[in-house]
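Build the 3D model from these lines:
(one chain, ligands or ions: 2)
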Amino acid sequence: MSFPCTGCGLCCQNIRGVESLKNYVLSHGGCKYFDAINKTCTQYDTRPDICRVDKMFELVYHKEYTRKKFYILNANVCNSLQEASSLDQSYRVTLNGKEG
Ligand code: SF4
Ligand code: SF4
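Numbers count the residues shown, from 1 in each chain. Ligands and ions are numbered 1, 2, ... in the order given. Okay, the predicted model is just below:
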């Protein structure tokens, strides 16, 4: 099971204020490793833990939340970013009830 990211790329374009990514942020608030044309991370396989929803759950947030609750919180952030950017509805993160 993994977080159902839809690949909108907006989290990577809004990293200002994320302490562990402070060396990654560009003046416009996006990450220097974000490929805006392909909406991908150019260092995907070695990206930091903070960029990995499931890893962060396993490392830290399982102490505080169920996986389902953690996914809901993350999905709310994704969808808020998308709504603020008027991104097409097809990118909305929805949970299918199998998140545990
Ligand atoms: S904002 Fe959410 S849906 Fe979009 S790329 Fe990031 S994790 Fe995936
Ligand atoms: S390192 Fe990659 S996954 Fe993490 S914010 Fe930058 S572009 Fe996104």
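
For the most centrally placed residue in the chain, list the residues it contacts.
Closest to where the C-alpha atoms of the chain average out (Cα atoms, centre = their mean) is Cys11, at 4.9 Å. Going by Cβ atoms under 8 Å, 6 or more residues apart in numbering, Cys11 touches Cys51, Val77, Cys78, Leu81. C-beta here means a position set from N, CA and C on the backbone, and glycine is covered the same way.

Which among those count as buried?
Buried subset of the contacts of Cys11 (neighbour count, 16 or more other Cβ atoms under 10 Å): Cys51, Cys78, Leu81.

Which entries in the residues you listed are shared with the contacts of ligand 1?
Cys78, Leu81 (Cβ under 6 Å from any ligand atom).

Save the buried ones among the contacts of Cys11 as TSV, and put in pLDDT, distance to ligand 2 and secondary structure too.
As requested, the buried ones among the contacts of Cys11 are arranged in TSV below (pLDDT from 0 to 100; distance: Cβ to the nearest ligand atom, whole Å; DSSP: H, G, I helix; E, B strand; the rest coil):
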residue	pLDDT	distance to ligand 2	secondary structure
Cys51	98	3	helix
Cys78	98	13	helix
Leu81	97	13	helix
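
Which two of the contacts of Cys11 have the greatest separation?
Distances among the contacts of Cys11 were taken as Cβ to Cβ; the most separated pair is Cys51 and Leu81, at 14.6 Å.

Great, nothing more from me.
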